[in-house]
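Visitor: Kindly generate the corresponding structure for this input.
(one chain, ligands or ions: 1)
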Amino acid sequence: MGDDWDDVITVPAKSSAGGSWNDNNNKGGMKPPAGRGRGAPAIVSQMCTVKIASDDEWGATANPASSSNGLDAPEKSTGNSNGWGASTAPASSGGWDAPTQNSQFNNDVEDQPRGGGWVSSAGGGGGSRACYKCGEEGHMSRECPNSNSGGGGGDRTCHKCQQPGHMARDCPTGGGGGGGDRTCHKCQQPGHMARDCPTGGGGGDRACHKCQETGHMARDCPTGGGGGPRTCNKCGDAGHMARECPSGGGGDTKCFKCYKLGHSTKECPDPYNKLTEDGKERERYVPAEMTTDENELFKGISSGEHFHNFDKVALSVTGQNIPQYITSFEEAGLRPLLLQNIKNSGYVKPTPVQKGSIAVILAKRDLIASAVTGSGKTAAYLVPVMNILLEQGISGGSHGMVQKPEVVILAPTRELAIQIHREAYKFAYNSVLKSVLIYGGTVSSNQRSNLQAGCNILVATTGRLKDFLDRGVFDFSAVKFLILDEADRMLDMGFGPDIEKIAAHPTMPPKGIRRTCMFSATFPEEVQALAANYMEDYIFVTTGTVGGTNPDVQQEFFQCARNEKRTKLMETLRGLGESKIIVFVDSKKTADFVAVYLCNNDIQATSIHGDRLQSQREEALRDLKSGKRNVLVATNVAARGLDIEGVNYVINYDLPSDIEEYVHRIGRTGRVGNVGHSISFFDEEKDGPNVGKLVSLLTKSNADVPAFMQALVSGMGGMGLDYNAPSTQGGFASRDMRRFGDKPVGGGGAARPTEAEESWD
Ligand SMILES: Nc1ncnc2c1ncn2[C@@H]1O[C@H](COP(=O)(O)OP(=O)(O)OP(=O)(O)O)[C@@H](O)[C@H]1O
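Guide: Numbering: from 1, shown residues only. Here you go, the predicted model:
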């Protein structure tokens, strides 16, 4: 992965530090909360904490020009019979009757519908090219209606006898004859074609492409290999062709698909190659377009009976020069169109994380925000960044040019990226803002066209993002906001290296110039330390306990040995009737197994996991949403961020070993003030070692700790209990680490508070 990153075309980054947009702090139009007697947004000069109670995310030839030529360019100029890379050469090597069109030269070979070429699907061809038999347009020679004589009536001449009225293959002079003045490629004599050459070898003065000797063609070369000056496309050495390369790979020629060294295009292991590792044909999935039906678009989870409890949640904001929080969407000075879309979404007032985050982002500050699952973090960043773009105006790149999005939002899963884009599309409805979604598992040409048609907000998974970036479809030079959703996941070992490269990309404005915002329900302290490296003088917004479970989710645990789980699951599901339920398991295999088992037992189940085709993954979610299936068996791919209306229960068939994933999994229910339930099967043998972490989590979240867990923990002498330790040691963060950490933090501005907490109230 790594090497390609250095090859991307460099577009000059924004020159002036900070740019003017960075200085317009007041344009966000924040107004002070009513009745607080403050004129302008309050700027607090010291590190402080604010608590509110009550109301208050081209390669080798790195040739950017190729972008106009499609992403998957053909292997070099193989359009002749020279034998170099001959396997990809067009069929013209057959002789003089060259094909009219070489379908291999379609742009973006991977992404074209099968059966490409210029022949129309109408069955006859209707292009503007003329038939080789009659010379008329609208059909191909093989379908020539004027071909009674077998020849046609055009004025084109036969390649053999040079007479008009028939084609070479129908030449009455016979096969090896012909009277034209064209010469054989082998012996250079007129009157026959190379394949019919009586010399068998040829004695012309054309040189063999292998040994560079005259008198024979490459495929008849007596050297077997050749010693000409041409070099192998794999290893770069002269004397043999790529397909005969003794190195089997290597060399400094790059693959034209993935642009990595060491293999040819057809051997590319890249995910966008046609074949999977095990040789199966890849899916060519084109997702459906976003709905334009307003009702459908603005439909979402209605806030629940506990929504008012958000008012009781303490909002803690730490950092320097904290901007005044907002109390209502109206008072935030948002653009009318945005306000209208917020209203159409059914939002009446902001949730605590929205109150804090909207103010911070409108003030163009870096931000880490952590709040319980289902508390509206998506809108907490979308609304303010959109407002800023609308106020400052957008450039909106021209069609076909290298696109320059102003906002880049990264998410760990495709499904979450889809959801975020949908939200962005919703809030940007009727505005000039254009949100574009790019993610893997789908045909890339559609997404590329969407992106090339203009993009202000780019929502992406990292794989597809890097691919398009490498191919010069877009760059980061206009980025004002880099947003990581599920940031702790994005910064962990899986995605961390990608984020590092993205942030360090030559076209990405550096921290302090671009703004970086990170959101998650969980934010372990060690991840906060990593996050700080991408930020400058950031504000930390938390509501409740960072990493705590959602209080609206009633958590139940059952001791259940591994071999008892199936029966227990059936029992549980039968008791829950038609409710929408997500059943989490720890492996793809188990997901398939459990889903099949449930279906065999008349439960309307489906599954989602990383080995399923993307179309199947999305279909599974659609089926759950629509109620076609009421049970979704899932791996952690569905643990974070998904916001599905009516999911009343989450069942942990297998408990995760990672405590943060537990928090996210059970957070698929009990969203925006709705009551939810989680039921977890605790297998003492497997989950015993994690009991300390669980008890710590439940305790800090003010949730009931089951008696059996308490007994287990005291039986272990309290081992594993650690309420404040980093997650890897069994705990979770509950605060802004800068205020309590021992180590200075890079890039986070002042690492320690200089003054006591200061409140907004
Ligand atoms: N102010 C609001 N009023 C009513 N509903 C809201 C409000 N803000 C967000 N919502 C709705 O709440 C639901 C949850 O929002 P969202 O998915 O952004 O939560 P989240 O905090 O990001 O959750 P997670 O941590 O699971 O990713 C969505 O359906 C969203 O439309």
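Visitor: going forward, measure contacts and count neighbours with C-alpha atoms only.
Guide: Fine.
Visitor: how does the protein divide into domains?
Guide: 294-543, 553-717 (the TED database).
Visitor: what's the neighbour count on G575?
Guide: 10 (other Cα atoms under 10 Å).
Visitor: Numbering from 35 from now on, please.
Guide: Sure, I'll start counting at 35 from here, so that last one is G609.
Visitor: Okay, buried residues for the host helix or strand of it please.
Guide: Element membership for G609 (DSSP states H and E) is helix 599-610. Residues of helix 599-610 classed as buried: K599, K602, L603, L607 (neighbour count, 16 or more other Cα atoms under 10 Å).
Visitor: which of the domains of the chain sits most buried?
Guide: Counting by mean count of other Cα atoms under 10 Å, domain 328-577 has the highest mean neighbour count of the domains of the chain, with a mean of 22.
Visitor: So is that one next to the ligand?
Guide: Yes - with Cα under 6 Å from any ligand atom as the criterion, the ligand is reached by domain 328-577 at 334-335, 337, 381-385, 406-413, 554-555.
Visitor: and that domain, how far apart are its ends?
Guide: Terminal residues of domain 328-577 lie 32 Å apart, using Cα to Cα, to the nearest Å.
Visitor: returning to that earlier point: give me the subset of the residues of domain 328-577 next to the ligand that lies in helices.
Guide: Among these, the ones falling in helices (DSSP state H) are K411, T412, A413.
Visitor: so how far is P723 from the first one?
Guide: Separation of K411 from P723 (Cα to Cα) stands at 32 Å.
Visitor: was I right about S465 contacting L371?
Guide: Yes - contact criterion Cα atoms under 8 Å: S465 and L371 qualify, at 7.2 Å.
Visitor: Can you read off the backbone torsions of F591?
Guide: Phi and psi for F591, reported as degrees, to the nearest 10, are phi -130, psi 140.
Visitor: Identify the residue spatially nearest to it, adjacent ones excluded.
Guide: The shortest distance from F591 to any non-neighbouring residue, by Cα to Cα, 6 or more residues apart in numbering, is to S714 (4.7 Å).
Visitor: re earlier: now render the ones in helices among the residues of domain 328-577 next to the ligand as TSV, adding pLDDT.
Guide: Shown next, in TSV, are these (pLDDT from 0 to 100):
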residue	pLDDT
K411	98
T412	98
A413	98
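Visitor: circling back: what about the residue nearest to F591, helix or strand, and which?
Guide: strand 710-716.
Visitor: what comes into contact with the helix holding G609?
Guide: C594, V628, L632, Y687, F715 (Cα atoms under 8 Å, 6 or more residues apart in numbering).
Visitor: Next SSE downstream of the helix or strand V417 falls within?
Guide: If you go by DSSP H and E, V417 is part of helix 411-426. Next in sequence after helix 411-426, counting helices and strands by DSSP H and E, comes strand 441-444.
Visitor: Which other helices and strands does that next one contact?
Guide: Helices and strands touching strand 441-444, by 3 or more Cα pairs under 8 Å, 6 or more residues apart in numbering; DSSP states H and E, are strand 491-494, strand 515-519.
Visitor: Now distance to L503 and mean pLDDT too, for those strands, in TSV please.
Guide: TSV is the format used below for the helices and strands packed on strand 441-444 (distance: least, Cα to Cα, whole Å; pLDDT from 0 to 100):
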stretch	distance to L503	mean pLDDT
strand 491-494	11	98
strand 515-519	15	98
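Visitor: Could you provide those strands in CSV, with additional columns for distance to I615?
Guide: Output for these, formatted as CSV (distance: least, Cα to Cα, whole Å):
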stretch, distance to I615
strand 491-494, 28
strand 515-519, 24
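Visitor: so L373 makes contact with F363?
Guide: Yes - with contact defined as Cα under 8 Å, L373 counts as touching F363 (7.1 Å).
Visitor: hang on, the earlier thing: any chance of the contacts of helix 599-610 in TSV, plus distance to the ligand, secondary structure and pLDDT?
Guide: Below are the contacts of helix 599-610 laid out as TSV (distance: Cα to the nearest ligand atom, whole Å; DSSP: H, G, I helix; E, B strand; the rest coil; pLDDT from 0 to 100):
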residue	distance to the ligand	secondary structure	pLDDT
C594	27	coil	97
V628	24	helix	97
L632	26	helix	97
Y687	20	coil	98
F715	22	strand	98
